[in-house]
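Q: following is a predicted model, sequence given first.
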Amino acid sequence: MGIMTMTASARASYYAISRAHIENTVARFVLALDSRDIDSAVACLAPRVRWDYASVTGQPAAEIDASALAARWQSTIVHTDASQHFLSMPCIGLSGDRATCVVHAQVTVRLANRIGSQHLTTHGTYTFGLVRAGADWSIDAVAMAQLWSDGNPRIMELAAAGGVQR
């Protein structure tokens with residue numbers, strides 16, 4: 001039975017359940033990153049992810065293997081002292097087996113160092129693209145639209161250098 005042939009009540013239930021799964025996938029993803037559980041973060045991802053941090057790094061968006069993102073996080077975020085993703089209530093769009101989840105975000109990363117501020121806080125909007133994966137959802141796109149940031153823009157570079165100059 002397609003979504004259009006469902007009763008109004010069944011459609012409402014379908015959307016509510018899908019929305020809950022989408023919200024949970026995004027929450028599991030950022031909570032895993034903040035707890036340095038890279039395997040659990042990767043489990044929330046599709047095999048390939050369109051990664052767009054151009055507004056933060058200046059690098060163009062690219063499609064990246066989830067395993068390459070895991071390697072990146074193993075060489076950066078796991079070497080920081082702490083990180084925390086604060087996300088607003090989500091605005092979710094759902095169309096069949098595709099969804100978007102847009103949230104305001106404040107992401108703070110801390111790293112003790114002697115080069116500058118010990119934190120970097122980025123303020124902006126995340127747009128997550130998700131695809132239905134069986135009964136669950138996987139993130140296949142992440143875009144950060146930075147509004148502004150405060151602190152040391154070299155935090156992740158310093159983390160990748162193994163906390164050099166700590």
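A: Structure received.
Q: list phi and psi for residue 66.
A: Residue 66 has phi and psi values of phi -60, psi -30 when expressed as degrees, to the nearest 10.
Q: skipping adjacent residues, who's closest to it in space?
A: Take residue 66 and drop its neighbours on the chain: the residue closest to it by Cβ to Cβ, 6 or more residues apart in numbering is residue 45, 4.3 Å away. In this view, the C-beta of every residue, glycine as well, is placed from N, C-alpha and C.
Q: who does the one you found bridge with?
A: For residue 45, the beta-bridge partners under DSSP bridges are residue 139.
Q: was I right about residue 92 contacting residue 103?
A: No - using Cβ atoms under 8 Å, residue 92 is not in contact with residue 103; the gap is 9.6 Å.
Q: pLDDT below threshold where in the chain?
A: Residue ranges of the chain with pLDDT under 70: 1-4, 163-166.
Q: so where do the strands sit in it?
A: Remark: strands assigned in the chain by DSSP state E are 45-52, 62-65, 82-87, 91-95, 98-110, 119-133, 136-151.
Q: packing partners for the second one?
A: Helices and strands touching strand 62-65, by 3 or more Cβ pairs under 8 Å, 6 or more residues apart in numbering; DSSP states H and E, are strand 45-52.
Q: gap between the strand it packs on and the chain center?
A: In terms of Cα atoms, centre = their mean, to the nearest Å, the centre of strand 45-52 is found 10 Å from the chain centre.
Q: just the CA trace of that strand, in CSV.
A: Extracted C-alpha coordinates of strand 45-52, given in CSV (Å, rounded to 0.1, in the frame of the first residue of the first chain):
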residue,chain,number,x,y,z
LEU,A,45,25.8,7.1,7.8
ALA,A,46,25.1,5.8,4.4
PRO,A,47,28.2,4.3,2.7
ARG,A,48,28.9,7.6,0.9
VAL,A,49,28.1,11.0,2.2
ARG,A,50,27.9,14.4,0.5
TRP,A,51,30.0,16.4,3.0
ASP,A,52,29.7,20.2,2.7
